[in-house]
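>>> Everything below, folded, please.
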Amino acid sequence: MPRYEYRCRPCGETFEVSRPMAESSAPASCPSGHEDTVKLLSTVAVGGSSGSASAPAPAAGGGGGGCCGGGCCG
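Below is the predicted model:
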């Protein structure tokens, strides 16, 4: 179930709420009971270690071309 991060405007506390995506726009009260909260934008963490992803190897017979993979660059 996704977790959404909110900030309470009256007390400034940041908190998370787990709820279904269908309820992602529903209002959330802070743990102190305040109703004036705002949903924060957050980044998605992707598993894996840093540097573990690698680019695919060029096709046999050449390739290159940098910006477009050799299709239109000489």
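
>>> The chain: strands as residue ranges?
3-8, 14-18, 37-39 (DSSP state E).

>>> which residues does residue 32 contact?
Contacts for residue 32 were tallied using C-beta atoms under 8 Å, 6 or more residues apart in numbering; they are 8, 11, 13. Placement of C-beta: from N, CA and C, glycine included.

>>> go with 10 Å
Going by C-beta atoms under 10 Å, 6 or more residues apart in numbering, residue 32 touches 8, 10-11, 13, 15.

>>> so where is this structure shaky, pLDDT-wise?
44-74 (pLDDT under 70).

>>> go again using 80 as the cut-off
Low-confidence segments of the chain, defined by pLDDT under 80: 42-74.

>>> thinking residue 35 is in contact with residue 6, fair?
No: between residue 35 and residue 6 there is no contact under C-beta atoms under 10 Å: 11.2 Å.

>>> Need the residues touching each of those two.
Both residue 35 and residue 6 are contacted by 27-29, under the criterion C-beta under 10 Å, 6+ apart.

>>> Columns neighbour count and distance to residue 39 on top of the residues you listed, output as a markdown table?
As requested, these are exported to a markdown table (neighbours: other C-beta atoms under 10 Å; distance: C-beta to C-beta, whole Å):
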| residue | neighbour count | distance to residue 39 |
| --- | --- | --- |
| 27 | 10 | 9 |
| 28 | 17 | 7 |
| 29 | 14 | 13 |
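
>>> Can I get the strands of the chain in CSV including mean neighbour count?
Shown next, in CSV, are the strands of the chain (neighbours: other C-beta atoms under 10 Å):
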stretch, mean neighbour count
strand 3-8, 16
strand 14-18, 13
strand 37-39, 15
